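Below: sequence and its predicted model.
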Amino acid sequence: MKKAILICTCSFACPSMKDIDFAELSEKIRLEIPEASYMVLHPRICERNGEEMMADLLKEGVIYYTIACKPEKQEKLLRDGFQKAGVIMERDKNWVPISVQFKNTDQVFEEIERALKNGGE
Ligand code: SF4
């Protein structure tokens, strides 16, 4: 299955994400995680503009790794985007949430790398 990474930066303003350099993180992913077919970085995927993007982008046959707030929160906030795309959101099948809260760039990168490299084909 194709693997795609959706990074939500929470408007670059969330205090719990202050130690993450999103520019460095995205470039490191591009260069060092070839398992990711592509990545998209958006400031607020849980709001209207983000949901519109998800509606256009998401499809069957892809595993989406969402890099954002706590998984429980993502589950509530991203449901509408999946629904608008007509894709059923199934945790650890086509959707793998990764929390970035209270982590730094290296920690987030390592978690993403581990998830994609261990996450099957
Ligand atoms: S999905 Fe989570 S991280 Fe992204 S904007 Fe919404 S609350 Fe912030």
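Nice, thanks for sending it over. Numbers count the residues shown, from 1 in each chain.

May I see the buried residues of the helix or strand in which Lys3 is found?
Here Lys3, judged by DSSP states H and E, is contained in strand 2-8. Neighbour-count burial for strand 2-8, with 16 or more other C-beta atoms under 10 Å as criterion, is recorded at Lys3, Ala4, Ile5, Leu6, Ile7, Cys8. Any C-beta I mention is one placed from the backbone N, CA and C, and that applies to glycine too.

Please apply the same query to stretch 38-56.
By neighbour count on 16+ other C-beta under 10 Å, the buried set for stretch 38-56 is Met39, Val40, Leu41, His42, Arg44, Ile45, Cys46, Gly50, Glu51, Met53, Met54, Ala55.

Please apply the same query to stretch 104-114.
Neighbour counts over stretch 104-114 (16+ other C-beta under 10 Å) mark Thr105, Val108, Phe109, Glu111, Ile112, Glu113 as buried.

And stretch 18-26, by the same measure?
Across stretch 18-26, burial judged by 16+ other C-beta under 10 Å covers Ile20, Phe22, Leu25, Ser26.

can you give me the end-to-end distance of that stretch?
Taking C-alpha to C-alpha, to the nearest Å, stretch 18-26 runs 16 Å from one end to the other.

One more: stretch 91-110?
Where stretch 91-110 starts and where it finishes are 20 Å apart, if you go by C-alpha to C-alpha.

model confidence over it, on average?
On average, the pLDDT along stretch 91-110 is 97.

How far off centre is that stretch?
Mean C-alpha position of stretch 91-110 versus that of the full chain (C-alpha atoms, centre = their mean, to the nearest Å) differs by 7 Å.
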